[in-house]
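**Q** Can you look at this prediction? I've put the sequence above it.
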Amino acid sequence: MQTPPISRDKSLKLYPNSYVVLDIETTGFNPSENEIIELSAIKVLNGDIVEEFSKLVKPMGYVNDYIVNLTGITREMLENAFNLKEVIKEFNDFCAGNIVIGHNINFDLSFINNALIRYYDIPFNNDYIDTLAIARELLPNLPNKKLGTIAAHFGFNTDGMHRGLKDCAVTNLCYRQFMDMTTHQKTLF
């Protein structure tokens, strides 16, 4: 069954102060062929982190050395991890009713949506904000718009990136910086 694409009209162009930042780690780039190995999110209420979600997911297939080296998630760590059917439902419940934020979020949403449809026949239905799109608008002169590049530009600690919660934390910091930049720009005019 072909998974319907994430609707682009769900992408928002606003700066809410309460939201969920999400990030996943996967075995590759294609949601039809590759698998989620980590689901993470932080819930932010009025600018404060109030709750975290992070679970490793046991893949059915092989995790190659490139992914192990990139993420630090070893095959041994995944041996006793949760199954995706269980975790994707918990993750969906954690995010329910919230605007979600992520960096290059369409990548994450394609995997999440694929899993929810496969196991529960429901789409991931949250409105979302992509910090990559914001970075393209607000930081046009950066050499690239990778999360690590943006974080380094702002002077944020990038140690431990490519793990879910760390990427959520860094994305949140960048989002808050973008929010401040946009608010400051509006006060100038």
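**A** Thanks, I have it. Numbers count the residues shown, from 1 in each chain.

**Q** Mind telling me what element the most centrally placed residue in the chain is part of?
**A** The chain has D23 as the residue nearest its centroid, 2.5 Å off, counting by CA atoms, centre = their mean. Of the helices and strands defined by DSSP states H and E, D23 is found in strand 19-26.

**Q** Quickly run through the sheet partners of whatever helix or strand comes next after that strand, with directions.
**A** Later in the chain than strand 19-26, the nearest helix or strand by DSSP H and E is strand 36-45. Applying DSSP bridges, strand 36-45 is found paired with strand 19-26 (antiparallel), strand 48-56 (antiparallel).

**Q** need the longest helix for the protein.
**A** Longest helix in the chain, counting residues (DSSP state H): helix 164-188.

**Q** how much does it deviate in direction from strand 48-56?
**A** Helix 164-188 runs at 150 degrees relative to strand 48-56, counting by axes from the mean of the first three to the mean of the last three CA atoms, to 10 degrees.

**Q** outside of helix 164-188, which residues touch it?
**A** 15, 21-25, 38-42, 44, 47, 49, 52, 54, 101-103, 129, 131, 134-135, 138, 147-148, 150-151, 154, 156, 158-161 (CB atoms under 8 Å, 6 or more residues apart in numbering). C-beta: built from backbone N, CA, C; applies to glycine.
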